[in-house]
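Q: With the input below, show me the fold.
(4 chains)
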Number of protein chains: 2
Amino acid sequence: MKGISIKDIAKQAGVSPTTVSFVLNGKAKEKRISEQVSKKIQKIATRLKYKPNQLARGLRTGKTKTIGLIVEDIANNFFATLAKVVEDEADKHGYKVLYGSTEDNTEKAKGLLEVLKYRQVDGYIITPTKNLDKEIELLQSAAKPLVLVDRYFPHLNSHYVVLNNYQGAYEATAHLAKQGYKKIAIVTIASDQTQMKERLDGFSAALRDHKIPFNKSLVKRLPFDLDRESFNNEMRKFLTSVKDLDAVFFATNYLGIAGIEAIRSLGWEIGKQIGLVGFDDHDLFRLHSPSITCVSQPIAAIGKSLVDILMKELNHSAGSPASPQKQVVLEPELIIRDSSRR
Amino acid sequence: MKGISIKDIAKQAGVSPTTVSFVLNGKAKEKRISEQVSKKIQKIATRLKYKPNQLARGLRTGKTKTIGLIVEDIANNFFATLAKVVEDEADKHGYKVLYGSTEDNTEKAKGLLEVLKYRQVDGYIITPTKNLDKEIELLQSAAKPLVLVDRYFPHLNSHYVVLNNYQGAYEATAHLAKQGYKKIAIVTIASDQTQMKERLDGFSAALRDHKIPFNKSLVKRLPFDLDRESFNNEMRKFLTSVKDLDAVFFATNYLGIAGIEAIRSLGWEIGKQIGLVGFDDHDLFRLHSPSITCVSQPIAAIGKSLVDILMKELNHSAGSPASPQKQVVLEPELIIRDSSRR
DNA sequence: ACGTCCGGCTAAATCGATGTAGCATTATTT
DNA sequence: AAATAATGCTACATCGATTTAGCCGGACGT
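A: Model prediction:
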């Protein structure tokens, strides 16, 4: 059960391991190996179903054909779907994926990077947490291919693929305004990261453009790591504290879900007493009664773009003149449903 | 940026790499390395933040500290949540996880096993597809630690962790019967695998025990790989074809979701005109109006059990006398909600 | 006829960690 | 005092693939 090695092939073909290596790596021409020998080796390799030992190869070349995928929470629908796309796309290029969830916790994220580093992944797709910029820079200066996703660091010149969060939040809020809602709140995560900042900015810009007064009491920021119960309590406390509140924009999918729960436990009728828009599409939003309007992300496009960029980086990071960092911003789609229609 | 190697430590400590290796692997005593030297090496290792190169170690020892996780679909809530648990548990033992989705396609599964094999994962957690038994046996005879999950092969003596699917389906169906539903159908996946068979068996046993006639027209089996549209169409066709149908049991979470959609598109009132029970819990089931009764799986327990078994296997598969295969069957919980209450 | 070139291939070093076999040196036995 | 044992450490081969440097024999040039 030891697996076929290059030596076995060499022995059978009556040549040296070197020759076999050259042939199997497509360097036959370059290394002037005769057609005869070349074909013979190919044939034997296929017959024995030779698969190079990735560890040995990795040890020698420093390449493991593995990418590290760091998400916020693999159990979250958005990231799980993204992981699927990344898996599929990476597979097309012969790469496998090691994943890890940060729980939006910087220490956990650092730990993951540490582990992925000494596991020698070739490249990274990272959903960064707060203060992870130092580590990102370290990776960059070590010339490790890397793409950020979902959020980025404005002061850092890196590849990233994100949603136009500003636009998404703007459209969501503008839509609520156009529907005649007057007092619109936002529930978001207590985070200064770009995705949340932009969603907040989009929100307040839309209010401004629709001549709706904005003030801090309309903004609720909740910590990421609450359990369901606490989310529920906090939401209820907030929702009941805003006078004449008639609509809410939830800035992430899990906030939306918790929000729906909270609102219903208050006995408020969604879509009538209170308008509602969520973030990311979800079976629940589609099938809830009433159905929930949401800002939907093009997950497939995000995943493809991520892997594309990473592969390009991987395929010529060979001391080339630092290709320009790609900053991809994809457009959201506002899916209008009943929770926000008057 | 090359990373600290054992040689660097050796040089600094003025000893040989061998000694360093002994010390860092806790074999100082056994190999009679003096306290002095031992401590010195430890100190230097910590100072330099030495992390062993897993590739080199793996090449030498054959162990990669990586496990392969093969699921049906990482984007599915059940498997994504499972993946999270597995990630966390594996991490506690210093293992990382490589994942892959089969899409319930045997060829894809074989491909994944192939890749994981030559990536030399130390052990496998596998959601098997139809006809994957040959490959599983091959792995077993190669003494690769492996645990099946969600389903198993009855004729194969292997570790597995599954739900008591029979019980789950039985309780679900019995519950519907006790609520007074008379004509209960099941929608399941066209698969002969254990999980589906047992769900079907539990279903028909419950009907029998409640003196409800059972016949094939009450069973709809759909192929796994339909898209949403087709699921919807097929469901509608089926639901309208059964005369006097008053309740349906959906045997997987995605069937339940598609089923809810189909039923609503028919304009039927869930819980009134038609009773409904789903499989696996889901935000949608909890928050749907009416809320959806379901058979819930103890995902955390499943994941823990999987990793536990695998770790035990990994930690003394050293030529020991083939420990008995563990067959863990966990109990489901029927969460009764409004979709099935009369 | 002798040097040069080139086609065709291989020896050996290398990546980093492990582990067997064994070498000095000191301590103990008889 | 010679033989044996214990102590403390190291040389070297190994895992499998890659890659540099270079060997050997024949063709070619002058």
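
Q: The helix or strand residue A:187 falls within: partners in the sheet, and parallel or antiparallel?
A: In the assignment (DSSP states H and E), residue A:187 maps to strand A:184-189. Paired with strand A:184-189 in the same sheet, following DSSP bridges, are strand A:219-222 (parallel), strand A:247-250 (parallel).

Q: any chance of these in a markdown table, plus mean pLDDT?
A: Listed next are the strands paired with strand A:184-189 as a markdown table, based on pLDDT from 0 to 100:
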| stretch | mean pLDDT |
| --- | --- |
| strand A:219-222 | 97 |
| strand A:247-250 | 98 |
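
Q: So which of those strands is nearest DNA strand C?
A: strand A:219-222 (43.5 Å; C-beta to the nearest atom of the strand). Quick note: C-beta positions are derived from backbone N, CA and C, even for glycine.

Q: Run the chain-centre distance for the closest one.
A: 23 Å (C-alpha atoms, centre = their mean, to the nearest Å).

Q: any residues touching it, and which ones?
A: With C-beta atoms under 8 Å, 6 or more residues apart in numbering or on different chains as the test, strand A:219-222 has contacts from A:185-191, A:200, A:231, A:234-235, A:238, A:255.

Q: try 10 Å this time
A: A:185-192, A:196, A:200, A:203-204, A:230-231, A:234-235, A:237-239, A:241-242, A:248, A:250-252, A:255, A:258-259 (C-beta atoms under 10 Å, 6 or more residues apart in numbering or on different chains).

Q: cool, stretch A:198-205 as well?
A: By C-beta under 10 Å, 6+ apart, stretch A:198-205 touches A:151, A:162-174, A:176, A:184-186, A:188-189, A:191-192, A:194, A:212, A:214-215, A:218-219, A:221, A:249-252, A:279, A:295, A:332.

Q: Rounded mean pLDDT for that stretch, please.
A: For stretch A:198-205, mean pLDDT is 98.

Q: where does the stretch 201-342 of chain A have low pLDDT?
A: Low-confidence segments of the stretch 201-342 of chain A, defined by pLDDT under 70: A:317-322.

Q: could you pull out the strands for it?
A: Secondary structure of the stretch 201-342 of chain A by DSSP state E, counting those that start in this stretch: the strands cover A:219-222, A:247-250, A:275-279, A:293-296, A:327-330, A:333-335.

Q: Now do the strands in the stretch 51-200 of chain A.
A: A:66-71, A:96-101, A:123-126, A:146-149, A:159-163, A:184-189.

Q: Using PDB, write down the CA coordinates of the fourth one.
A: Right, strand A:146-149. Only the C-alpha atoms of strand A:146-149 are listed here, as PDB (Å, rounded to 0.1, in the frame of the first residue of the first chain):
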ATOM      1  CA  LEU A 146      -3.600  36.500  -0.900                       C
ATOM      2  CA  VAL A 147      -7.100  37.900  -1.600                       C
ATOM      3  CA  LEU A 148      -9.400  39.400   0.900                       C
ATOM      4  CA  VAL A 149     -13.100  38.900   0.700                       C
END
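
Q: near chain B, anything from that strand?
A: No - Strand A:146-149 lies out of reach of chain B by C-beta under 10 Å from any C-beta of the partner chain, never closer than 14.0 Å.

Q: What average pLDDT does that strand get?
A: 98.

Q: ditto for stretch A:7-25
A: On average, stretch A:7-25 scores 96.

Q: Pull out the buried residues from it.
A: A:8-10, A:12-13, A:15, A:19-24 (16 or more other C-beta atoms under 10 Å in any protein chain shown).

Q: again, but for stretch A:148-166
A: For stretch A:148-166, by 16+ other C-beta under 10 Å, it's A:148-153, A:158-166.

Q: Out of the residues you listed, which is nearest to residue A:125?
A: Nearest to residue A:125 out of those is residue A:149 (C-beta to C-beta; 5.8 Å).

Q: The closest one contacts residue A:85, correct?
A: No - with contact defined as C-beta atoms under 10 Å, residue A:149 does not count as touching residue A:85 (11.1 Å).

Q: Pick the most deeply packed of the strands paired with strand A:184-189.
A: strand A:247-250 (a mean of 30; mean count of other C-beta atoms under 10 Å in any protein chain shown).

Q: contacting residues for residue A:290?
A: Per C-beta under 10 Å, 6+ apart, neighbours of residue A:290: A:269-272, A:276, A:337-341, B:289.

Q: what does residue A:279 give?
A: Taking C-beta under 10 Å, 6+ apart, one finds A:78, A:163, A:165, A:168-169, A:172, A:188, A:195, A:199, A:249-256, A:285, A:294-297, A:332 in contact with residue A:279.

Q: Would you mind naming what in chain A lies close to DNA strand D?
A: Within chain A, the positions near DNA strand D by C-beta under 7 Å from any atom of the strand are A:2-3, A:5-7, A:17-18, A:21-22, A:24-25, A:50, A:52-53, A:56-57, A:59-61.

Q: Those: which ones sit near DNA strand C?
A: Cross-checking the residues of chain A next to DNA strand D against DNA strand C (C-beta under 7 Å from any atom of the strand) gives A:17-18, A:22, A:56, A:59-60 as the overlapping residues.

Q: before we move on, the earlier item: of the strands paired with strand A:184-189, which is nearest residue A:302?
A: strand A:247-250 (20.2 Å).

Q: how about that closest one as PDB, C-alpha atoms only?
A: Only the C-alpha atoms of strand A:247-250 are listed here, as PDB (Å, rounded to 0.1, in the frame of the first residue of the first chain):
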ATOM      1  CA  ALA A 247     -38.900  50.200   9.200                       C
ATOM      2  CA  VAL A 248     -35.600  48.400   9.900                       C
ATOM      3  CA  PHE A 249     -32.700  47.400   7.800                       C
ATOM      4  CA  PHE A 250     -30.700  44.500   9.100                       C
END
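
Q: Spatially nearest residue to residue A:12, not counting backbone neighbours?
A: Excluding the flanking residues, the one nearest residue A:12 by C-beta to C-beta, 6 or more residues apart in numbering or on different chains is residue A:44, at 5.2 Å.
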